[in-house]
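> Got a sequence here, can you build the structure:
(one chain, ligands or ions: 1)
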Amino acid sequence: MNAGQRFAGKSAIVTGGGSGIGRACALMLARGGARVGVFDVNDEAAKGVASEISQSGGSASPAQVDVADHRSIAAAVHDFSGQFGRLDIAVNNAGIGGDNSLMEEATVEFWDRTIAINLSGVYHAMRAEFAFMRVAGGAIVNMASILGEVGFPGAAPYVAAKHGVIGLTKSAALSWGQYGIRVTAVCPTFVRTPLTENLPAEGWSEIIAKHPLGRLPTPEEVAAMVCYLASDEARAVTGSAHLIDAGYAAS
Ligand SMILES: NC(=O)c1ccc[n+]([C@@H]2O[C@H](COP(=O)([O-])OP(=O)(O)OC[C@H]3O[C@@H](n4cnc5c(N)ncnc54)[C@H](O)[C@@H]3O)[C@@H](O)[C@H]2O)c1
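This next block holds a predicted model:
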């Protein structure tokens, strides 16, 4: 550990840390000196990212966690944070994508599953994290989406869950500011990850054309915003949702 690193001595959890944006967050936090709990329902993926971190000299421990199951996430947060008696940073990022079905055609099962992972999963994680953050304060960064700010046809459950994540973020910030806990949300536009890999090539050019910058953020660019919000540089920031959308929502 190098004392000059911005997360030196801190412990951090990343849910959905085994892939895409979560992986980029876990790697960046670890490069900054944090000990990272890489939580993912995909055990192999969590182990893979944790070993990537260890091999590059960082500190990480993987855990198989289903955020939709409150006992699973509570136990994992307890096991990881219990080692240090506190938790400094939590990135609640685990999520699944939409299924492109119109609201009137989508199944109730898909609605339930999306809400269980993308919204209740954040709620369960935050409640477990609070128990350790109240000791010495901390920073929670919730992964919302541009679709937490605007609607999108064919993604009603996803849009509803992400709007809910922003609501949870604001409510927790109001309650937990007194404990020195900051709670923020990040709202990326479309990012190329396994979550969006099913979009057809022509779909991507259409989507990119809706962005004034003519490009989309990379997982690393999203992670850079997450790390800023998780860092002491953002000590005056809480209760807010931060777009990283290449201008998508500006019109
Ligand atoms: N990719 C995008 O376009 C985009 C845009 C805005 C927001 N987001 C959000 O960013 C987050 C990460 O998405 P990504 O694009 O990196 O996707 P991804 O599929 O690459 O990674 C998501 C990770 O979450 C894990 N996961 C899924 N369900 C889980 C559960 N129940 N418990 C624990 N882990 C679980 C998966 O195994 C996977 O490793 C999601 O919340 C997503 O909604 C993504």
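> Could you say which helix or strand holds H163?
helix 156-176 (DSSP states H and E).
> what's the answer for H124, then?
Here H124 is assigned to helix 121-133, by DSSP H and E.
> that older thread, check which residues of the helix holding H163 are buried.
156-166, 168-169, 172-173, 176 (16 or more other C-beta atoms under 10 Å). (Glycine included, C-beta is placed from N, CA and C.)
> Run the angle between the following helix or strand past the helix holding H124 and helix 121-133 for me.
Following helix 121-133 in sequence order, the next helix or strand is strand 138-143 (DSSP H and E). With axes from the mean of the first three to the mean of the last three C-alpha atoms, to 10 degrees defining the directions, strand 138-143 sits at 170 degrees from helix 121-133.
> Which positions in the stretch 151-251 of the chain make contact with the ligand?
188, 190-191, 193-196 (C-beta under 6 Å from any ligand atom).
> what about the helices in the chain?
20-31, 43-55, 70-82, 108-114, 121-133, 156-176, 201-209, 219-230 (DSSP state H).
> With mean pLDDT added, can I get those helices in TSV?
Listed next are the helices of the chain as TSV, based on pLDDT from 0 to 100:
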stretch	mean pLDDT
helix 20-31	98
helix 43-55	98
helix 70-82	98
helix 108-114	97
helix 121-133	98
helix 156-176	98
helix 201-209	90
helix 219-230	98
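> right, so of those helices, which gets closest to A94?
helix 121-133 (5.7 Å; C-beta to C-beta).
> Highest mean neighbour count out of the helices of the chain?
Of the helices of the chain, the one with the most neighbours on average (mean count of other C-beta atoms under 10 Å) is helix 20-31, at a mean of 26.
> Show me what that helix packs onto, helices and strands only.
The contact analysis (3 or more C-beta pairs under 8 Å, 6 or more residues apart in numbering; DSSP states H and E) places helix 20-31 against strand 11-15, strand 35-40, helix 43-55, strand 59-64, strand 89-92, helix 219-230.
> Recalculate using a threshold of 10 Å.
strand 11-15, strand 35-40, helix 43-55, strand 59-64, strand 89-92, strand 138-143, strand 181-188, helix 219-230 (3 or more C-beta pairs under 10 Å, 6 or more residues apart in numbering; DSSP states H and E).
> To E202, which of these lies closest?
strand 181-188 (21.8 Å).
> Neighbouring strands of that closest one in the sheet, and parallel or not?
With DSSP bridges as the test, strand 181-188 is paired with strand 138-143 (parallel), strand 241-244 (parallel).
> Reformat those into JSON lines and put distance to S51 next to each item.
Compiled in JSON lines, the strands paired with strand 181-188 are given as follows (distance: least, C-beta to C-beta, whole Å):
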{"stretch": "strand 138-143", "distance to S51": "23"}
{"stretch": "strand 241-244", "distance to S51": "28"}
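> and those strands, which is most packed in?
strand 138-143 (a mean of 27).
> Just the angle for it relative to helix 70-82, thanks.
Angle between the axes of strand 138-143 and helix 70-82 is 140 degrees (criterion: the same axes, to 10 degrees).
> the inter-axis angle of strand 138-143 versus strand 11-15?
20 degrees.
> how about strand 138-143, does it reach the ligand?
Yes: using C-beta under 6 Å from any ligand atom, strand 138-143 reaches the ligand at M143.
> Kindly calculate the angle that that strand makes with helix 20-31.
Going by the same axes, to 10 degrees, strand 138-143 makes 150 degrees with helix 20-31.
> The residue positioned nearest the centre of the chain and the ligand, how far apart?
With the centre of the chain defined as its mean C-alpha position, the nearest residue by C-alpha atoms, centre = their mean is N93, 2.1 Å away. According to C-beta to the nearest ligand atom, to the nearest Å, N93 stands 5 Å off from the ligand.
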